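turn this into a structure:
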Amino acid sequence: MHVDWAVIPVAGRGTRMHPLSRAVPKELLPLGRKPVVQHVVEELVCAGMRQLVFVTSPDKPAIRDLLRDANFWRGQLADLTSEEVQLHVVEQKRQIGLGDAVLQAQALVERQPFVVALGDCVIGGNNPSALLKRMLDRIHASKFAAIIALEEVPANEVAKYGIAKIAGTGRWLSIQDLVEKPPIDTAPSRGAIAGRYVLNPDVFSFLAQTEKGRGGEIQLTDAIRGMIRGGSDVVGVPLLLDERRYDVGEFAPYYKAFEAFSAAESGWQNRVSRKGLAAGAAIGEGSGVARGRAFARAGLLGNPSDGYGGKTISCILGNWSAEVRLTPSHALRFHLGDGEPLEFDDVPRFVTSVGKHGYYGGLRLVQAAAKRFFEHCGDRLSPPLQNFNVEYRSDIPRQLGLGGSSAIVIATLRALAAFYGCEIPTEWLPSLALSAETAELGIPAGLQDRVIQTYEGLMYMDFAANRSTTERDMTRGSYERLDYGLLPKLFVAITESSAEPTEVIHSDLRKRFERGDSAVVAAIPRFAEFAELGRDAILKRDYRRLHELMNANFDLRRSICKILPEHLQMVEVARSTGASAKFCGSGGGIVGICEDDSMFEALVRAMATIGAVVVRPQIGIWHGEPSRSAATR
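Model prediction:
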């Protein structure tokens with residue numbers, strides 16, 4: 001079935017862009033040399049749309065004038081199609097929501113499926129993305145009520161969007177429910193509606209019955225929600241890493257979008273290699289901009305033996321991530337991350353900030369990673385090297401053993417590899433990241449965190465000398481990917497009130513090991529044995545045995561390491577509900593098995609009494625390995 005029609009709502013008041021949008025509608029603001037709406041039109045035309053319906057407002061004559069200029073559009077679209085593209089204009093006399101705007105197009109498109117593309121966001125950059133083509137492919141796969149593009153957004157931005165309750169992972173996601181702008185503590189996921197829909201015409205009957213909802217507006221989200229509750233099939237299509245959504249509804253994202261599009265038109269383009277960047281690989285955005293991302297992690301078994309030739313099992317925690325973004329610049333510019341200030345209101349705030357973030361926060365990690373990248377890859381880069389502006393952000397809770405520091409390093413290396421088109425082999429990326437922390441910053445650490453954050457999913461690692469390989473002063477172990485669908489239901493609990501720097505624990509342990517401390521030396525092979533036995537238990541789905549091994553791993557750790565009372569309390573409270581529990585890493589965050597839903601509810605209540613937050617970990621993330629039944633089912 002070919003879809004010809006698309007509806008583009010452009011009637012919004014743009015209040016978040018006042019006073020600028022009072023003079024120029026936000027849809028006509030420039031992204032490079034083109035107005036926003038032209039980028040949207042080109043995306044639709046490239047996806048095969050030939051009938052475009054613009055829903056505008058009587059208060060926006062400038063948009064109507066541009067849309068009715070047939071000569072302009074004929075010239076601008078000549079390189080994209082030889083077919084005629086018709087632009088239709090209808091008015092939304094009262095701006096009472098996206099759902100009402102779509103309803104205004106009913107007379108034109110009511111007999112066939114159609115696309116809805118929000119007029120204030122662009123997907124993919126200067127070159128139109130293939131997102132809509134991928135969404136339209138689903139029409140041939142099954143009967144549907146709606147197909148919705150989804151973007152994974154940071155936790156602190158969830159309340160800005162319609163959020164989907166999702167089942168499954170991979171290319172197609174089953175949407176079980178939609179919630180308009182929920183607070184993060186009640187949001188069903190971090191999958192936000194990304195401004196692109198394919199809708200069955202049945203949606204019009206639901207829109208006609210939809211009452212005003214959040215904000216006193218008729219929400220398209222509510223109408224689709226009604227379709228879901230009526231038993232209709234609603235599908236989510238996740239954005240790929242190169243399908244960045246540029247939002248021009250607020251000043252800050254608009255400025256960044258303008259910078260990216262302008263840079264592309266100034267000739268700042270970079271070749272991008274996808275090889276060797278693994279599951280969470282960074283890729284260029286088609287505008288000289290590159291991003292790298294890495295997720296938090298939890299050590300399930302074996303830790304802390306990875307720095308001593310041991311064996312470990314770890315999984316990714318897609319609930320939290322670090323992201324690094326590079327844009328072309330005339331000079332190298334490094335910026336502090338969010339929440340890492342250099343100016344403080346008073347001395348106590350200064351002391352607290354340094355204690356939590358360290359000196360310069362994550363900036364030292366970014367700079368150390370950049371230095372190691374240039375040393376490692378410099379002979380493969382063609383001069384003159386383009387300078388860059390680097391920004392980073394992370395919502396991984398600090399100093400709770402979730403791999404926050406290593407995530408920033410991995411994300412930086414991925415972004416640099418994408419920016420310069422330099423391949424870093426997957427098997428060596430963890431070792432390069434480790435060297436940035438140990439050789440450059442003197443941070444005691446092992447390979448485990450960097451391996452799982454490179455490969456993602458669930459990994460078994462063997463760091464024994466006879467299983468390791470050394471090249472160019474770097475060593476790597478033997479790494480095996482496990483099917484995370486074999487895991488039982490896990491939980492992760494954290495409390496930021498009990499943070500402790502990982503260096504404190506690992507420095508002491510390293511010194512004792514090097515002194516030949518008998519307890520520590522005897523414990524290391526025992527940790528490795530737990531990991532080996534745990535691998536067999538996972539493959540056999542022997543969850544009782546896995547439960548016992550995770551508890552034993554912590555108990556052994558407790559026998560050789562000083563445990564903070566508040567950290568010990570977290571483990572004991574979790575175990576009191578029947579769950580297993582051990583540290584994710586150095587302490588402050590715990591992970592365990594909690595299969596039963598009623599037990600999970602009891603665990604949430606019990607952990608709340610000590611100020612801890614409990615979540616189900618997201619191990620299967622959208623851009624990772626092929627979909628399997630998620631461990632967080």
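
export whichever strand or helix holds residue 390 as CSV, just CAs?
According to DSSP states H and E, residue 390 maps onto strand 388-394. Only the C-alpha atoms of strand 388-394 are listed here, as CSV (Å, rounded to 0.1, in the frame of the first residue of the first chain):
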residue,chain,number,x,y,z
PHE,A,388,36.1,20.5,17.9
ASN,A,389,33.8,21.8,20.6
VAL,A,390,33.0,19.0,23.1
GLU,A,391,30.1,18.9,25.5
TYR,A,392,29.1,16.0,27.7
ARG,A,393,26.2,15.0,30.0
SER,A,394,25.6,12.1,32.2
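
could you point out which element follows that strand?
helix 404-420.

tell me the angle that next one makes with strand 388-394.
Calculated by axes from the mean of the first three to the mean of the last three C-alpha atoms, to 10 degrees, helix 404-420 forms an angle of 150 degrees with strand 388-394.

so what does helix 404-420 touch, helix or strand wise?
strand 290-301, strand 311-328, helix 363-377, strand 388-394, helix 429-441, helix 448-455 (3 or more C-beta pairs under 8 Å, 6 or more residues apart in numbering; DSSP states H and E). For glycine as for every other residue, the C-beta is placed from the backbone atoms N, C-alpha and C.

what's the average pLDDT for it?
For helix 404-420, the mean pLDDT works out to 93.

the longest helix seen in the chain: which residues count as buried?
Secondary structure assigned by DSSP state H gives helix 518-539 as the longest helix of the chain. Residues 520, 523-524, 526-535, 537-538 are the ones in helix 518-539 that count as buried (16 or more other C-beta atoms under 10 Å).

pLDDT weak spots in the stretch 351-500 of the chain?
The model of the stretch 351-500 of the chain has pLDDT under 70 over residues 352-361, 496-500.

for the residue positioned nearest the centre of the chain, give its distance to residue 318.
For the chain, residue 152 is the residue whose C-alpha lies nearest the centre (C-alpha atoms, centre = their mean; 5.2 Å). Residue 152 sits 8 Å away from residue 318, going by C-beta to C-beta, to the nearest Å.

can you check residue 27 too?
34 Å.

and if you look at residue 70?
47 Å.

more crowded one of these two?
In terms of neighbours (other C-beta atoms under 10 Å), residue 318 is the more surrounded of residue 70 and residue 318; the figures are 25 against 12.

thinking again about what came up before, ok, and what's touching the strand holding residue 390?
154, 320-329, 332-335, 337-338, 362, 366, 370, 404, 407-408, 411-412, 415, 419 (C-beta atoms under 8 Å, 6 or more residues apart in numbering).

specify the angle between the longest helix of the chain and strand 311-328 in degrees.
With the same axes, to 10 degrees defining the directions, helix 518-539 sits at 80 degrees from strand 311-328.

CA atoms of helix 518-539 as CSV?
What follows is helix 518-539, C-alpha atoms only, in CSV (Å, rounded to 0.1, in the frame of the first residue of the first chain):
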residue,chain,number,x,y,z
SER,A,518,46.4,-14.0,52.3
ALA,A,519,42.7,-13.3,52.6
VAL,A,520,42.7,-11.1,49.4
VAL,A,521,44.9,-13.5,47.5
ALA,A,522,42.7,-16.4,48.3
ALA,A,523,39.5,-14.5,47.5
ILE,A,524,40.4,-13.6,43.9
PRO,A,525,40.2,-17.1,42.4
ARG,A,526,37.0,-17.7,44.4
PHE,A,527,35.4,-14.6,42.8
ALA,A,528,36.4,-16.0,39.4
GLU,A,529,34.9,-19.3,40.2
PHE,A,530,31.6,-17.6,41.1
ALA,A,531,31.5,-16.1,37.6
GLU,A,532,32.3,-19.4,35.9
LEU,A,533,29.6,-21.2,37.9
GLY,A,534,27.2,-18.3,37.2
ARG,A,535,27.7,-18.6,33.5
ASP,A,536,26.6,-22.2,33.6
ALA,A,537,23.6,-21.3,35.8
ILE,A,538,22.4,-18.6,33.4
LEU,A,539,22.7,-21.0,30.4
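
sweet, I'm off.
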